[in-house]
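S.K.: 3D model of this:
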Amino acid sequence: MAGQTETRRLARDPAVAVWTVAGLCWTATVALTVLGGQGMAGHDQIIEHDAGPWALRIGGFVLGWTVMVAAMMLPSTVAMTRLFTAVSARAPHPYRARATLFAVYLAVWLGFGLVALAGLRALLPLRTPSAD
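M.R.: The predicted structure is shown next:
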């Protein structure tokens, strides 16, 4: 009986989903690093070394940035997610409220990443040439 209660509690705990997504993102990050694919989403690759179309390069950056943000930043949201789940349970559409929370969280981090990428692109012409 105690095992079933614990299983039900874990099934309702949003931290399980948050840690699972973060773990999957860490797994993807490690796999890309081991397989040599981490450079395809790196800012220097996108700005300076890739000759592909901008839309494809930005898409690669967005994908890589999103995986990195999920791996590194989602664990810090566990307490907030638990609290928001409890509070939003009384809302008329609790799942919509929770989806909105994570969509806005992701949008803020994605916006930051794109602004940082644009800023880097603007600053690169100002750098001094390296002494090779």
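S.K.: can you list the weak-confidence ranges in this protein?
M.R.: For the chain, residues meeting the criterion pLDDT under 70 lie at 1-11, 38-45, 49-50, 128-132.
S.K.: got the residue ranges for the helices in it?
M.R.: Using DSSP state H, the helices assigned to the chain run over residues 2-12, 14-35, 43-44, 54-73, 78-88, 94-123.
S.K.: can you put those helices in a markdown table and add mean neighbour count?
M.R.: In short, each C-beta sits where N, CA and C put it, glycine included. Listed next are those as a markdown table, based on neighbours: other CB atoms under 10 Å:
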| stretch | mean neighbour count |
| --- | --- |
| helix 2-12 | 9 |
| helix 14-35 | 14 |
| helix 43-44 | 14 |
| helix 54-73 | 16 |
| helix 78-88 | 14 |
| helix 94-123 | 13 |
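S.K.: Who are the contact partners of Leu101?
M.R.: By CB atoms under 8 Å, 6 or more residues apart in numbering, the contact list for Leu101 reads Thr81, Phe84, Ser88.
S.K.: Just give the closest residue to the first one, not the sequence neighbours.
M.R.: Sequence neighbours aside, Pro14 is the residue nearest to Thr81 in space, at 4.5 Å (criterion: CB to CB, 6 or more residues apart in numbering).
S.K.: Touching, that neighbour and Thr85? I think so.
M.R.: Yes: between Pro14 and Thr85 there is a contact under CB atoms under 8 Å: 4.8 Å.
S.K.: any common contacting residues for those two?
M.R.: Shared contacts of Pro14 and Thr85 (CB under 8 Å, 6+ apart): Arg98.
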